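1. Everything below, folded, please.
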Amino acid sequence: MDYMLLLLGLSFVLACIHFLTKSLGATKFGPVNLPPGPRPFPVIGNILELGNKPHQALAELSKTYGPIMSLKLGSITTIVISSPHVAKEALQKHDQALSSRTILDGVQFQDHHKVSMVWLPALAPWRNLRKVCATQMFAAQRLDATQAVRQKKVQEVVDYVHENCTSGSVVDIGQTAFTTVMNSVSNTFFSIDLAHYQSDLSQNFNDLVYGVMEEIGKPNIANYFPILRSIDPQGIRKCTTTYVEKIFYIFDGIIDERIQARETMMSKESKDLLDSLLNLAEENSSELSLAVIKHLFLDLFVAGIDTTSSTIEWAMAELLHNPEKLTKAQTELRQVLGKDGLVQEFDIKKLPYLQAVMKETLRLHPPAPFLVPHKAETEVEICSYLVPKTAQILVNVWAMGRDSSVWQNPNSFMPERFIESEIDVKGRDFELIPFGAGRRICPGLPLAQRMVYLMLASLLCTFDWKLANDMKPEDMDMTEKFGLTLHKSEPLLAVPIKV
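-> Residues are numbered from 1 along each chain as shown. Below is the predicted model of the structure:
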C-alpha cells in the first residue's frame, strides 16, 4: 500500500481515538521551552513535512526555525540539529546524556538491537564490543598488518577495469566499488572472497545489503507510533528479516566451516578476524558468543561496505561532473606516482588534493545524512532550550555541509576549499562530521578512509574516464535516493580509457 495513503488512513483512525479520549484543551505540544518548530497537526504531528527526502526538507525548515528545532513525528518528540555550533554542544558537552539510540522498528529482527554495537546503549556490553573492534580490527597496528590484503583487492579491481578498457565496456562504478570493498573486508574477516566481478553472488549480496539499508531507511509508521510495532503495518521488519536471514545463512556456513577446521587442525592460530573472535569467545572472561559475533559481522558488513562503496561512487561522480577537478586530481597523482605507479596507503599523505576531494565529497554527500539517531537519556539544556528525556536527536550533517554561513558556495564541488585547511573528518571539527563525533563516532573510520583513498587513487591514476553513452558532464543525474545511506538515484556508468 502507498505510504501516504496508509499514513492518512491511519491518521484518521488515530485522530478519532484521540478526540474521543481527550478534550481539545488537554492537547499540548510538549514543554514551553522546547526549541522552535513548525506547528504539528493533531496525532500525526509534522510527519507530512518530511517528504521523500527528509534531510533536504529539514534543512529548509531550519532556515525558518533555526539550527535547533523541534518536531513531533507521530508520538515521538524529535530535536533536529543543523549547525556545527549546536552539534558541538550536543555531541561534546552533552555526549553522555545523548549517547543512547532511538531504536528503529526495522532493526528489531532476531533481537539485533539488543546485541548490536550500532544500536546498544552506551553501557558495558557496548563498551566491550567497541573494545573488541578497536583492538582486533581498527587499531593502526592491525590495519598496517592487513594492508597487503587491501592492496591485492585494489589490484584486482584495476585488472578488472583493464579488461573493460580493452573491450570498451562500461563500468558500473558503484557495483565495482561494492565488490572490491566487500572482498577486502571479507578477506580481512574470513580470508575468502565473497564475490567476483560481474558474478551473481556479488550482485545478490549487494542486493541483500542494500535491501537492509533501504528498508531500515524507509519512512516507517511504526517508528512514529511505537504502539503499532507489533503489527508491522508496512511489512518493513518482515522484509528486513528476510534479507538478514539470507546474510546470516552465509555467515553461519563460514563460521561452522572454520570451527570444524580449527577442531581438525587442533590450532587456534589467529590468521584473520574470525579466528581472533572465536578465540575471544572461548575465554571465560569474554562476553562474546557465536550469536553476538554474527550480529557484529552484520553491523560491520552492512554499515561498512555500503557506505564506503557509496562514497567512492559519489567521489567519482563529482569528478566526472567537474572535469577540471578530475584533471587536477589525476595530475597530482601522476606527478607523485607516475601514470603506471602502484598506489600504496603510505602515499596518501603525499596527495593533498586527493584528500581534499574526499573531504569535499563527504561534505556534500555524507553517507548517513542524519548519522544514526541519538536519544536523550536525561533531560538536558542546549542553547537555552529543553531537550526532554527520551527525545530523538537527529544531527542533519547534510544540512551542515551545505550551510552558507559556514561554507562559501556550499552547493559547489570545490576541493580547493580544503587545501591548507586543518579541517578533518575525525570528529574534532564539527563543520564536517560525516562519521559522527563523541563516543558514538563510527569505529570503522580508520579502515574506511584507507580503503576509499586507495581505490579512488588507483582508478584515477591508472585510467582516464568518460561517461557512458557519450553523456555530457552537465547532463549527469546527481540527485540522491534517501535511505539510511544516501545513494545516487541513478548508478554511475563510466568507460575507462588507458592512459
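
2. Correct me if wrong: residue 300 contacts residue 188.
-> No - with contact defined as Cβ atoms under 8 Å, residue 300 does not count as touching residue 188 (9.7 Å). Yep, even glycine has a C-beta here, placed from its N, CA and C like the rest.

3. okay, and the common contacts of those two?
-> residue 137 (Cβ atoms under 8 Å, 6 or more residues apart in numbering).

4. What's the local residue count around the residue nearest to residue 419 when sequence neighbours are not counted?
-> Spatially, and ignoring its direct neighbours in sequence, residue 419 is nearest to residue 356 (5.5 Å; Cβ to Cβ, 6 or more residues apart in numbering). The burial count assigned to residue 356 is 22, neighbours taken as other Cβ atoms under 10 Å.

5. can you pull the contacts of residue 356?
-> Counting by Cβ under 8 Å, 6+ apart, residue 356 has contacts 415, 416, 417, 418, 419, 421.

6. How about residue 395?
-> Residues near residue 395 by Cβ under 8 Å, 6+ apart: 81, 87, 90, 91, 370, 371, 374, 433, 436.

7. Please repeat the previous calculation with a cut-off of 10 Å.
-> For residue 395, the contacting residues are 79-83, 86-87, 90-91, 98, 368-374, 430, 433, 436-437, by Cβ atoms under 10 Å, 6 or more residues apart in numbering.

8. got it, and residue 50?
-> Counting by Cβ under 10 Å, 6+ apart, residue 50 makes contact with 56, 57, 58, 61, 71, 73, 219, 224, 482.

9. any idea how far residue 71 is from it?
-> Counting by Cβ to Cβ, to the nearest Å, the gap from residue 50 to residue 71 is 9 Å.

10. Ok, residue 110 next?
-> Taken as Cβ to Cβ, the span from residue 110 to residue 71 is 31 Å.

11. quick one, strands of the stretch 1-150 of the chain?
-> Taking DSSP state E, counting those that start in this stretch, the strands of the stretch 1-150 of the chain run over residues 68-73, 76-81, 100-101.

12. Could you dump those strands into a markdown table and include mean pLDDT, distance to residue 37 and mean neighbour count?
-> Putting the strands of the stretch 1-150 of the chain into a markdown table (pLDDT from 0 to 100; distance: least, Cβ to Cβ, whole Å; neighbours: other Cβ atoms under 10 Å) gives the following:
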| stretch | mean pLDDT | distance to residue 37 | mean neighbour count |
| --- | --- | --- | --- |
| strand 68-73 | 97 | 4 | 24 |
| strand 76-81 | 97 | 8 | 25 |
| strand 100-101 | 96 | 22 | 22 |
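
13. okay but residue 443 is in contact with residue 435, surely?
-> Yes - if you go by Cβ atoms under 10 Å, residue 443 and residue 435 touch, sitting 9.3 Å apart.

14. Could you list the low-pLDDT ranges of the stretch 101-250 of the chain?
-> 198-203 (pLDDT under 70).

15. how about the helices in it?
-> Per DSSP state H, counting those that start in this stretch, the stretch 101-250 of the chain carries helices over the ranges 124-133, 140-145, 147-167, 173-190, 200-217, 221-224, 236-265.

16. Relative to residue 391, which of these is closest?
-> helix 221-224 (13.7 Å; Cβ to Cβ).

17. Just give me how far that closest one sits from the chain centre.
-> 21 Å (Cα atoms, centre = their mean, to the nearest Å).

18. Packing partners of it?
-> Helix 221-224 sits against helix 3-21, strand 68-73, strand 76-81, helix 236-265, with contacts defined as 3 or more Cβ pairs under 10 Å, 6 or more residues apart in numbering; DSSP states H and E.

19. Could you say which helix or strand holds the spatially closest residue to residue 210 that is not a sequence neighbour?
-> Spatial nearest neighbour of residue 210, excluding adjacent residues (Cβ to Cβ, 6+ apart): residue 306 at 6.5 Å. For residue 306, the element it lies in under DSSP states H and E is helix 290-321.
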